[in-house]
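Chemist: The sequence isn't on hand, but the structure is:
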């Protein structure tokens, strides 16, 4: 399947966006379809690091991700696999003076044959999901810039 892509421009420097993007404690608040981390290599987000996570009920279920390329302040490419698909996901940071363009790109290959109509619907759902993720991310980043990093709750 051809890659599906979505982009957003956020206020701030690339390092601010990147710091939030790779903060595993915040993923559930902005990554569409993300449930929780099952395991994460300590080298994350570096090349070779692995992440295993699961979605909420009704989602993709167990997902495995392996970093195949990482460039600080520029982005990361992941090999991804769940029960139905394998593929790649990329995040690209394009730094500017006062803002950063962030692009998400996903390319999937179904493990089983899909009808053309199903592929079309999948592309649309993927695009919507990428846009939701980026929109939520921009809200999180703006809040962090305005109010600072949220503090962990004491129990």
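Modeler: Structure's in. What do you need? All values derive from a computational prediction rather than experimental measurement. Numbers count the residues shown, from 1 in each chain.
Chemist: how about the helices in this protein?
Modeler: Applying DSSP state H to the chain gives helices spanning 14-21, 27-30, 116-147.
Chemist: quick check: angle from the last one to helix 14-21?
Modeler: Just to be clear, that refers to helix 116-147. 110 degrees (axes from the mean of the first three to the mean of the last three Cα atoms, to 10 degrees).
Chemist: Just name whatever secondary elements helix 116-147 is in contact with.
Modeler: Judged by 3 or more Cβ pairs under 8 Å, 6 or more residues apart in numbering; DSSP states H and E, helix 116-147 is in contact with strand 4-11, helix 14-21, helix 27-30, strand 99-110. To be clear about C-beta, it is placed using only N, CA and C from the backbone, and glycine gets the same treatment.
Chemist: how about the ones you listed in JSON lines, adding mean neighbour count, distance to residue 37 and mean pLDDT?
Modeler: Formatted as JSON lines, these follow (neighbours: other Cβ atoms under 10 Å; distance: least, Cβ to Cβ, whole Å; pLDDT from 0 to 100):
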{"stretch": "strand 4-11", "mean neighbour count": "17", "distance to residue 37": "23", "mean pLDDT": "96"}
{"stretch": "helix 14-21", "mean neighbour count": "19", "distance to residue 37": "15", "mean pLDDT": "93"}
{"stretch": "helix 27-30", "mean neighbour count": "16", "distance to residue 37": "7", "mean pLDDT": "94"}
{"stretch": "strand 99-110", "mean neighbour count": "18", "distance to residue 37": "19", "mean pLDDT": "96"}
